[in-house]
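**Q** Curious how this folds, go ahead:
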Amino acid sequence: MSTTAAPEAVKVPAEVEKSIAKFVAEHGGSGTAVLQYLGEQGVRITLVGEDGVLGDRVVADLATAKAVVERVDGLTETEEWDRELVSKVTPAKGHWAKMAGWVARSTKFPKARNANVFPGA
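**A** So this is what the prediction gives:
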């Protein structure tokens, strides 16, 4: 007689599921999710819409990320960034500045911390 318990259902944060479903709907009705482990921070779900636009959300763990992919209609998971997926990506205007954070808004860059160690740096 086996006493193995059934696996517990993974609780998906409603706001994450809703925002990803909205992303998929706004970018062609389908998309691809690349799950990337971030260590203690969790798992990044990088989204590529049918139109190539990028998006992302971070969840607590891999089980939650996989549950999100299963629950959102039109979203499929891939293991890696292959040539076909990379060639499809078309970042939205301003995406690079958004990803660069404070550097994109900076007019003067700080001096390199290792400038005295490496002359000419």
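
**Q** Which residue lies nearest the spatial centre of this protein?
**A** When the chain is reduced to its mean C-alpha position, the closest residue under C-alpha atoms, centre = their mean turns out to be Thr46, at 2.4 Å.

**Q** Quick one: residues in contact with the helix or strand harbouring Val58.
**A** Take DSSP states H and E as the rule and Val58 turns out to sit in strand 54-59. For strand 54-59, the external contacting residues (C-beta atoms under 8 Å, 6 or more residues apart in numbering) are 12-13, 16, 19-20, 23, 27, 38, 41-49, 65, 68, 89, 91-92, 95. Bear in mind the C-beta positions are built from the backbone N, C-alpha and C, glycine included.

**Q** Now do the same for the residue nearest to the centre of the chain: its pLDDT.
**A** Confidence per residue is given as pLDDT, and for Thr46 that number is 95.
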